[in-house]
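S.K.: Have a look; sequence and predicted model below, questions after that.
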There are 2 protein chains.
Amino acid sequence: MTKVTDLDRLNNTGVRRLINVSEAIIKTADRFFAKFGVTTAQYDILAILKYSEKKLTQSDLGINRVVSRSNITGILDRLERVGMAKREGSADDRRVKYISITKKGLDLIEKVESKYFDNVKKLVWFLDEKDKKELVEILDRLERGLKRGENDL
Amino acid sequence: MTKVTDLDRLNNTGVRRLINVSEAIIKTADRFFAKFGVTTAQYDILAILKYSEKKLTQSDLGINRVVSRSNITGILDRLERVGMAKREGSADDRRVKYISITKKGLDLIEKVESKYFDNVKKLVWFLDEKDKKELVEILDRLERGLKRGENDL
DNA sequence: ACATAACAGTTATCATATAAACTGTTATTA
DNA sequence: TAATAACAGTTTATATGATAACTGTTATGT
């Protein structure tokens, strides 16, 4: 049983701070998209659908968003209900459903997209190129730490 | 209607990366605590209760965790159900309930805490002092960006 | 004092997340 | 080919989050 040190607590505080800022960003985005009648998850799915080169299945969407298949089901249910996306069965493989964005979904993205990017610009306004580079490096190291920890968690 | 530029997309990619790493950390923590039969939110509440100097009300807990009062209700319901926390009405103010951690809750923290801090240590292993300092500065700037953006979101 | 505002906690609804069990389909392999 | 494994999607259970409506209590202000 290792003893908990002050350094341990300091490390934890730092990680918490990262998570808190990240969650604050997420919540701001949630509020932003809510004003247009969609959730962030729904908008993400629509944007992926719009910019995808190839036809996407539900599993493809799951991989892109790191969301499990079961959650995709519900998100698509709601998007379908409001007519912004639709499912189509595949002829090749009857297990598969191809998902596409509708006119209404495209309209929404058209209306929201540039405003969204403006907000992101405001968010990173205080970061210069050096900051951005450093941030990416630090995030890389944190990911390595995550992989390193996973073995005996 | 502003045009979306490549720089806009790059900014967005960077912010997404921050969020993704942060979410990966959160999910790792969730899995860790799940092995001991609690959720991260429940563990957080227990730890706050253990280390608090003064008696805490549900509203106090809400402020600490940046969670709304309504969600605290549910989290405490579950902690009470498994006997790790308990509510006690206040005599001064009959609206208020004081929350305390039980022996069973303390036992859980005792069992989990040092392992948890070991995992945090592994996570930040690749960060030196300079990295940590820079990260905090960048997070500060991002928070300023958040405040800056909020006005016309 | 009485009306009103502010507050603490609960409840309800909706969206999302994980995990596990399940259905139907396709691929593998003995 | 028949049994089995792998896969795509759905469903269900549980936990959490945000909001808004609601109850009861306390504080305020005229």
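M.R.: Yes, it's here.
S.K.: going forward, measure contacts and count neighbours with C-alpha atoms only.
M.R.: Fine.
S.K.: Please, where are all the helices along chain A?
M.R.: Using DSSP state H, the helices of chain A run over A:6-34, A:40-51, A:58-65, A:69-81, A:103-123, A:129-150.
S.K.: Check which helices and strands the shortest one is in contact with.
M.R.: Contact here means 3 or more CA pairs under 8 Å, 6 or more residues apart in numbering or on different chains; DSSP states H and E; on that basis helix A:58-65 packs against helix A:40-51, helix A:69-81, strand A:97-101.
S.K.: Helix A:69-81 and the last one, what's the angle between them?
M.R.: So the one you mean is strand A:97-101. 50 degrees (axes from the mean of the first three to the mean of the last three CA atoms, to 10 degrees).
S.K.: can you tell if strand A:97-101 touches DNA strand D?
M.R.: Yes: counting by CA under 7 Å from any atom of the strand, contacts between strand A:97-101 and DNA strand D involve A:97-98.
S.K.: Could you check that strand and say which residues are buried?
M.R.: Across strand A:97-101, burial judged by 16 or more other CA atoms under 10 Å in any protein chain shown covers A:97, A:99-101.
S.K.: Just flag the most distant two among those.
M.R.: A:Lys97 and A:Ile101 (13.3 Å; CA to CA).
S.K.: and chain A, which residues reach DNA strand D?
M.R.: So far as CA under 7 Å from any atom of the strand goes, chain A lies against DNA strand D at A:27, A:31, A:57-60, A:69-74, A:95-98.
S.K.: Confidence-wise, which of these comes last?
M.R.: Among the residues of chain A next to DNA strand D, A:Arg69 carries the lowest pLDDT, at 84.
S.K.: quick one, what contacts that residue?
M.R.: Going by CA atoms under 8 Å, 6 or more residues apart in numbering or on different chains, A:Arg69 touches A:58-59, A:62.
S.K.: Let me have these in a markdown table, extended by neighbour count and distance to B:Ile19.
M.R.: As requested, the contacts of A:Arg69 are exported to a markdown table (neighbours: other CA atoms under 10 Å in any protein chain shown; distance: CA to CA, whole Å):
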| residue | neighbour count | distance to B:Ile19 |
| --- | --- | --- |
| A:Gln58 | 19 | 23 |
| A:Ser59 | 17 | 22 |
| A:Gly62 | 17 | 17 |
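S.K.: Could you dump those residues into TSV with distance to DNA strand C added?
M.R.: Output for these, formatted as TSV (distance: CA to the nearest atom of the strand, whole Å):
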residue	distance to DNA strand C
A:Gln58	13
A:Ser59	12
A:Gly62	9
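S.K.: gap between stretch A:3-13 and the chain center?
M.R.: 30 Å (CA atoms, centre = their mean, to the nearest Å).
S.K.: How about that stretch, which residues are buried there?
M.R.: Quick answer for stretch A:3-13 (16+ other CA under 10 Å): A:8, A:11-12.
S.K.: Any part of it near chain B?
M.R.: Yes: Stretch A:3-13 is in contact with chain B by CA under 8 Å from any CA of the partner chain, via A:3-4, A:8-9, A:11-12.
S.K.: which among those residues gets closest to DNA strand C?
M.R.: A:Asn12 (21.9 Å; CA to the nearest atom of the strand).
S.K.: For A:Ala29, which non-adjacent residue is spatially closest?
M.R.: A:Thr40 (6.9 Å; CA to CA, 6 or more residues apart in numbering or on different chains).
S.K.: thinking again about what came up before, can you check which of the helices of chain A gets nearest to B:Glu80?
M.R.: Of the helices of chain A, the one closest to B:Glu80 (CA to CA) turns out to be helix A:6-34, at 25.9 Å.
S.K.: which strands and helices sit next to that closest one?
M.R.: helix A:40-51, helix B:6-34, helix B:103-123, helix B:129-150.
S.K.: which one of those helices lies closest to A:Asp107?
M.R.: Using CA to CA, the nearest of the helices and strands packed on helix A:6-34 to A:Asp107 is helix A:40-51, at 10.6 Å.
S.K.: still on that earlier bit, turn the buried residues of strand A:97-101 into CSV, including distance to DNA strand C.
M.R.: As requested, these are exported to CSV (distance: CA to the nearest atom of the strand, whole Å):
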residue, distance to DNA strand C
A:Lys97, 11
A:Ile99, 16
A:Ser100, 17
A:Ile101, 15
